[in-house]
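K.L.:
Fold the following.
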Amino acid sequence: MADRDTSTSVRSPLLVGLAVIVAAVGLLTWAKYQPYLVSVPAVLGVHDLGPSILGEPGPVSLASGWDFTVAYLRAVWKALLVGLVLAAAVQVLLPAGWLRRALGRSGGVAGGVRGGLWSIPTLMCSCCAAPVAVGLRRARVSLPGTVAFWLGNPALNPVVLVFCLAVLPWPWTVLRLAGGVGVVAAGIAIARAAERRGALAAPVPVPDDAPVGPPGPLPARFVRSLAGMALRLVPELLGVVFLLGMFRGVLFPIGNGAGGGVLVGLLLVVAGLLLPVPTGGEVAVVAAALAAGAPPALAAILLVTLPALSLPSVLMVRTAVPRRVLTGVVGCTAGVALLAATLAPALL
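P.N.:
Below you'll find the predicted structure:
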């Protein structure tokens, strides 16, 4: 009888875990892989991603905020739904030991590298990856692995590199890849340093075969976890996106006769770190900026900052990632963008 109970206790998490993996692949296929099978050949054929989500610079208005919010949600709602479902599954359905083995039980560069590699096939923007990052930390995954997964989704997305090659001259793709690797590497280093300084509280021990999440029957736990994350994160996301959309004409003066001075560059660094864009949206923004006569240095800033971070994504992960780490990641991303701006005139 004891052997049968032991076999059942081992087999149940295995079956649940495999079911979650199959479901995750199906969701990603619906939200990402299948649409890209259509959009990638189309972009390669016409060498155009369509209009920039930022639109034409305009005055601050409620209509501007509404239009941007609608355009953003139309582009990301599938991926956002997948991110929330995966976050709930990570907390409730998958055994904690699986996640810690996949992304690192403790801090270290190896866990960060694995987190970056796991981020490549999920192809999400920063805001859609944020709920999954929260779920990973609640499952006691290492901080470097979690931060690398969160940053790597937008920064290392291979489809975006294909878009860059199709729409922009090839040196921009090299700059985009180098900037993305730089941002992820900086995030891993900052997270690792935070763990070494003892900035993080010691994690609560979780058995390797135990899921993480609220108690109760499995379906109810999953629904409560999904509803809790959606009710906390989605209204906040929509509110911040709406406010930023109202001010996007002020934040992005390109096309309004603005020059390429230092102050404009610093404004674009801040704006790029604040405003969210859908996956690949930065490529269309850069193409539109260059067509409007923007200097390469300013376009390089947008190419790095827009995909890597946004205010909504930072706010969503603030309960899971220490403030010191978030501050360091934001600062290093700005530094990588400024370095890209310095190198762009010589490379392009």
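K.L.:
can you list the weak-confidence ranges in the stretch 1-150 of the chain?
P.N.:
Scanning the stretch 1-150 of the chain for pLDDT under 70 picks out 1-19, 22, 104-107.
K.L.:
Spell out the secondary structure type for residue 319.
P.N.:
Taken by DSSP: H, G, I helix; E, B strand; the rest coil, the conformation at residue 319 corresponds to coil.
K.L.:
how close does it sit to residue 185?
P.N.:
To residue 185, residue 319 is 25 Å away according to Cβ to Cβ, to the nearest Å. The way it works is simple: take the backbone N, C-alpha and C, and place the C-beta from them, glycine included.
K.L.:
which of these two has more neighbours?
P.N.:
Per other Cβ atoms under 10 Å, whichever of residue 319 and residue 185 has more neighbours is residue 185, with 19 against 11.
K.L.:
Could you pull up the contacting residues of the more buried one?
P.N.:
By Cβ atoms under 8 Å, 6 or more residues apart in numbering, the contact set of residue 185 is empty.
K.L.:
and it, what element?
P.N.:
Assigned by DSSP states H and E, residue 185 belongs to helix 170-196.
K.L.:
now swap in residue 270 and tell me
P.N.:
Short version, using DSSP H and E: residue 270 is in helix 262-274.
K.L.:
So for that helix, mean pLDDT?
P.N.:
Mean per-residue pLDDT for helix 262-274: 90.
K.L.:
as a whole number, average confidence for the helix or strand that it is followed by?
P.N.:
On the C-terminal side of helix 262-274, the nearest following helix or strand under DSSP H and E is helix 281-291. For helix 281-291, mean pLDDT rounds to 91.
K.L.:
So which residues make contact with helix 281-291?
P.N.:
Identification of contacts with helix 281-291 by Cβ under 8 Å, 6+ apart yields 48-54, 75, 125, 160, 163-164, 167-168, 172, 176, 254-255, 277, 296, 298-299, 302-303, 306-307.
K.L.:
again, only using 7 Å
P.N.:
With Cβ atoms under 7 Å, 6 or more residues apart in numbering as the test, helix 281-291 has contacts from 49-54, 160, 163-164, 167-168, 254, 277, 298-299, 302-303, 306-307.
K.L.:
Equivalent analysis for stretch 339-348, please.
P.N.:
Here stretch 339-348 has contacts from 169, 171, 172, 175, 179, 265, 296, 297, 300, 301, 303, 304, using Cβ under 7 Å, 6+ apart.
K.L.:
Just the buried ones among those residues, please.
P.N.:
Among those, those buried by neighbour count (16 or more other Cβ atoms under 10 Å) are 172, 175, 179, 265, 296, 297, 300, 301, 303, 304.
K.L.:
got a markdown table for these, with distance to residue 35 too?
P.N.:
Formatted as a markdown table, the buried ones among the contacts of stretch 339-348 follow (distance: Cβ to Cβ, whole Å):
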| residue | distance to residue 35 |
| --- | --- |
| 172 | 23 |
| 175 | 26 |
| 179 | 25 |
| 265 | 34 |
| 296 | 31 |
| 297 | 33 |
| 300 | 28 |
| 301 | 28 |
| 303 | 23 |
| 304 | 25 |
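K.L.:
Which of these sits closest to residue 230?
P.N.:
Comparing the buried ones among the contacts of stretch 339-348 against residue 230 with Cβ to Cβ places residue 304 closest, at 30.3 Å.
K.L.:
related to what we said a few turns ago, in the helix holding residue 270, what's buried?
P.N.:
264, 265, 267, 268, 269, 271, 272, 273, 274.
K.L.:
likewise stretch 190-199?
P.N.:
By 16+ other Cβ under 10 Å, the buried positions in stretch 190-199 come out as 190, 191, 192, 194, 195.
K.L.:
and if you look at stretch 152-160?
P.N.:
Buried residues in stretch 152-160 (16+ other Cβ under 10 Å): 152, 153, 154, 155, 156, 157, 159, 160.
K.L.:
which one of those is nearest residue 311?
P.N.:
Nearest to residue 311 out of these is residue 154 (Cβ to Cβ; 14.2 Å).
K.L.:
Any idea which residue is closest to the centre of the chain?
P.N.:
Nearest residue to the geometric centre of the chain (Cα atoms, centre = their mean): residue 126, 2.0 Å.
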